[in-house]
Structure formats: C-alpha cells, structure tokens
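1. Fold the following, please.
(one chain, ligands or ions: 1)
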Amino acid sequence: MSISVLTQKLLAINELKKFHQDLIEDDFSGLLYATFLHQKENWGMLSEGWKGFHSSKYKHYDFDWPATKGVVSHKWFGIKAQFNPTRFISSSAKVDTETIQNRKCFLCLNNLPEEQRGVLFEDQLIVLCNPAPIFNEHFTISHIEHKPQSILTNINLMMRLTKATGGDYSIFYNGPNCGASAPDHFHFQACPANELPAENDIIHHPEKFRILFSDEQFSVSVSENYLRNIIIIKSKTIDSTVKVFNSIYQLLQEINRISSEPMMNLLTFLNEEEFYLVIFPREKHRPDVYFAEGEERMLVSPGLVDMAGILVTPLQKDFDKMNNELIEKIYGEASLEQKKFNTLIDMISK
Ligand SMILES: [Zn+2]
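-> Prediction:
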C-alpha cells in the first residue's frame, strides 16, 4: 500500500463538513456519522444497499427459556429476524483457504471501488461504509495493510476504538473461522449503540446474568438460559479489560485443546463510563441447517450480529420459516457447547 493510494482514500474534513457543519477533527463519532452521510450521497453502491436495508422486513421472537410450567412467564429477552436480500453475497460467501487465496481482497485499499472512501483511526485503521448494511449506519473498520484477522494482539486497539466513539457506536469482531467474510484482512465493524438486542439485555437486565467475579476494577459474568453462552467483562479501564480477556482467551484455548485463536465473536461498548467486552465463544461457524439438502436448507451464517440477537436471513423462504425452535437450534449449535462452557465457568471461578 503506497501513501498516495491511502491519501486518495481519505475524506478531508472540508468534504465532510458539507454533511456535518459543526464537525471538529477530534470528534471521532462525528467523523463516522459525516462519513456515512458523505458516502450515501457519493457512492451509488452504498445508496442502493442502504435502500435495500430500509426495505428489510422483521419478525420478533420472545423468549423466557426454559419456560416454567404453570407460571405465566415474563418474556425477558427477544430475538429479531431480519429479511435482507442484500446480505445474500455475504451469507453465502465461501471462506475456505483456496477460495480466499484466489479472490481479489475486497478490503485492500487498491481494490476498493473508486467512490469508497473513509477516515483514519490511529494511522492504522480506515473506517469505511459497508455497502450491504444490516444497520442504518454500518461500518467496516479495516487495517490499511493486508494482514490476517486475529484478535489477541488487537484487543487493546479494539478497546481504544470503543473509547474513541464515546458510547455512540458499538464495535464488533468476527473471528477468522466464524463470521468474518474477509478472514485474510484484519477488520472490525461498528453500528450505532443500542441497536443490538444483546447490548440492551446486558445493560437493562444485569440480574439475569451470573456474576463469577467482581472487585473494584472489573467484573466477569456469564449467561444462563440465554440460548447463547456468553461471557461479559465489565471494567472502568482498558488495561484491566484486556488483562481479563487475555486470561479467558487462554482458558478457551485449553478447553478447545488448540494453540490457535479460539472461535469467537466479540462485542464492545461503553455505557455510563464503563467498558463492556462481551465474548460469544463458538462451537461451529454454520449450523447444520446451512448444509442440509433441499427444503431443509437455510441460508443462515451467524456472525456477531446474529449471535447478538439479529438473525439475518437473505432469503424470503428462510425468513418465513424462522421460529423459536429453529432459533434455539441455531444458537445451540453455534455457541460453545454447554459442557465446555461449564468447565470454563469452573476455571474462571477458581
Ligand atoms: Zn486485503
């Protein structure tokens, strides 16, 4: 990547001010919002994708699992299905090594469509608009160099990015084998805060999660009866968040008996000056229904967005078919299996 290629891809503050008059250079979330407005106006592929997103259909499913017999249950969390045909390419993407090696990387600056431009973060990441959005504003925040998707050395960067958005946006990460459609090019994604159901569940229903550890610095809690097995690190500082994450990463390696990156999706956000890092450890990338034959087959390919409560279905037939039992099955297969999760809980509690 040459400096001149990078320069061509960056939006100048004056270009952005046309869309956001009061914008100042160190207002990072203002820069994101202005980038979105600029790109929607100037990049045809995004304005098409954005219209596609706005014609998405939704269905809502309430859960209180397991339902208690004879008791009128208070449905405390919900899952949405989003029928969004513009997601077809991403959900059906082949992500095997050979396919990846033989395709042109769509996150490399050299290969971006001419109109696709963005803003820099810490001279190493570029914030770009996702042309097939799942949210009104949906960003891909990719490295300016072509290097593999990997979290261990980048978790601090993820937390700094979270801090820079000042609570306006949530940041997420899909591991190379569980949701990233460019496993060979390092990237995060971002969406407006409070859009993901899991984020609201965690903030508004802390009593539904079991605290394993808590002191003045940080706390660690886990889900119970939430369909997905998740770990929540909550802290006032980036340093302690990163330290706890590193320990859990190691435990996940031990449990899975691997030395590579354990399959996971991550969600980070700021709420009332506290950092949240939510780990969704994974067992499988794609559920059995993805590989089923004929009518049984469903195009669902869960990444963080799906795991956090918005199941994206690019095909109408899958959207029509979705129901509580299928959601339970998809999450059950995609999440770290219960036995391993119980072992992890024991290890963290020690
Ligand atoms: Zn690349």
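2. who in the stretch 51-200 of the chain is up against the ion?
-> With C-beta under 5 Å from the ion as the criterion, the stretch 51-200 of the chain comes near the ion at residues 105, 107, 108, 146, 185. Where you see a C-beta, it was placed from the backbone N, CA and C, and this is true even at glycine.
3. Among the residues you listed, give me the pair with the biggest separation.
-> 107 and 146 (7.7 Å; C-beta to C-beta).
4. Show me whatever sits in contact with both of the two.
-> residue 185 (C-beta atoms under 8 Å, 6 or more residues apart in numbering).
5. that older thread, which among the residues of the stretch 51-200 of the chain next to the ion count as buried?
-> For those, a neighbour count by 16 or more other C-beta atoms under 10 Å gives the buried set as 107, 108, 146, 185.
6. Which residue, neighbours along the chain excluded, lies closest to the second one?
-> Leaving out its chain neighbours, the residue that sits closest to residue 108 by C-beta to C-beta, 6 or more residues apart in numbering is residue 146, at 5.2 Å.
7. if I look at residue 334, how far off is residue 268?
-> In this view, residue 334 and residue 268 are 20 Å apart by C-beta to C-beta, to the nearest Å.
8. Next up, the contacts around residue 175.
-> Residues near residue 175 by C-beta under 8 Å, 6+ apart: 149, 151, 261, 262, 263, 264, 265, 282.
9. Kindly report the same for residue 217.
-> If you count contacts by C-beta under 8 Å, 6+ apart, residue 217 has them with 235, 236, 237, 240.
10. repeat that for 7 Å
-> If a contact means C-beta atoms under 7 Å, 6 or more residues apart in numbering, then residue 217 has 235, 240 as its contacts.
11. what's the pLDDT at it?
-> Here, the pLDDT recorded for residue 217 equals 92.
12. what secondary structure does residue 120 sit in?
-> Following DSSP: H, G, I helix; E, B strand; the rest coil, we place residue 120 in the strand state.
13. all strands for the stretch 251-350 of the chain, in order.
-> Here the stretch 251-350 of the chain has its strands, by DSSP state E, counting those that start in this stretch, at 264-271, 274-281, 310-313.
14. and whatever residue of the stretch 151-300 of the chain ends up closest to the ion, what does it touch?
-> Residue nearest to the ion within the stretch 151-300 of the chain (C-beta to the ion): residue 185, separated by 3.5 Å. By C-beta under 7 Å, 6+ apart, the contact list for residue 185 reads 105, 107, 108, 142, 143, 146.
15. Check these and tell me the two furthest apart.
-> Comparing all pairs in the contacts of residue 185 by C-beta to C-beta, the longest separation belongs to 105 and 143, at 11.2 Å.
16. residue contacts, the closest residue to residue 141 other than its chain neighbours?
-> Ranked by C-beta to C-beta, 6+ apart and with sequence neighbours excluded, the top spatial neighbour of residue 141 is residue 188, at 4.5 Å. Residue 188 makes contacts with 141, 158, 161, 171, 172, 173, as judged by C-beta under 7 Å, 6+ apart.
17. SS state for residue 188?
-> Secondary structure, three-state DSSP: residue 188 is strand.
18. Hmm, the residue nearest to residue 108 is touching residue 105, no?
-> Yes. Between residue 146 and residue 105 there is a contact under C-beta atoms under 7 Å: 6.0 Å.
19. any chance of the contacts of residue 188 in TSV, plus distance to residue 32?
-> Output for the contacts of residue 188, formatted as TSV (distance: C-beta to C-beta, whole Å):
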residue	distance to residue 32
141	9
158	15
161	11
171	11
172	14
173	17
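20. Filter the residues you listed down to the ones in helices?
-> Mapping those onto helices (DSSP state H) picks out 158, 161.
21. Buried among the contacts of residue 188? Make that a ChimeraX selection.
-> Burial among the contacts of residue 188 is assessed by 16+ other C-beta under 10 Å; the matching ChimeraX selection reads:
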select :141,158,161,171,172,173
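22. Columns distance to residue 194 and pLDDT on top of the contacts of residue 188, output as a markdown table?
-> Listed next are the contacts of residue 188 as a markdown table, based on distance: C-beta to C-beta, whole Å; pLDDT from 0 to 100:
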| residue | distance to residue 194 | pLDDT |
| --- | --- | --- |
| 141 | 19 | 98 |
| 158 | 19 | 98 |
| 161 | 18 | 98 |
| 171 | 14 | 98 |
| 172 | 14 | 98 |
| 173 | 19 | 98 |
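23. quick one: low-confidence ranges for this protein?
-> 1, 65-74, 90-91 (pLDDT under 70).
24. Residues contacting the lengthiest helix in it, please?
-> In the chain, with assignment by DSSP H, the single longest helix is helix 238-256. Contact with helix 238-256 is made by 152, 155-156, 159-160, 163, 217-218, 220, 231, 233, 235, 259, 262, 275, 277, 279, 281, 340, 343-344, 347-348, as judged by C-beta under 7 Å, 6+ apart.
25. try stretch 224-237
-> Applying C-beta under 7 Å, 6+ apart, the external contacts of stretch 224-237 come out as 63, 65-66, 77, 202, 209-210, 217-223, 241, 244-245, 248, 273-281, 307, 328, 331, 335-336, 341.
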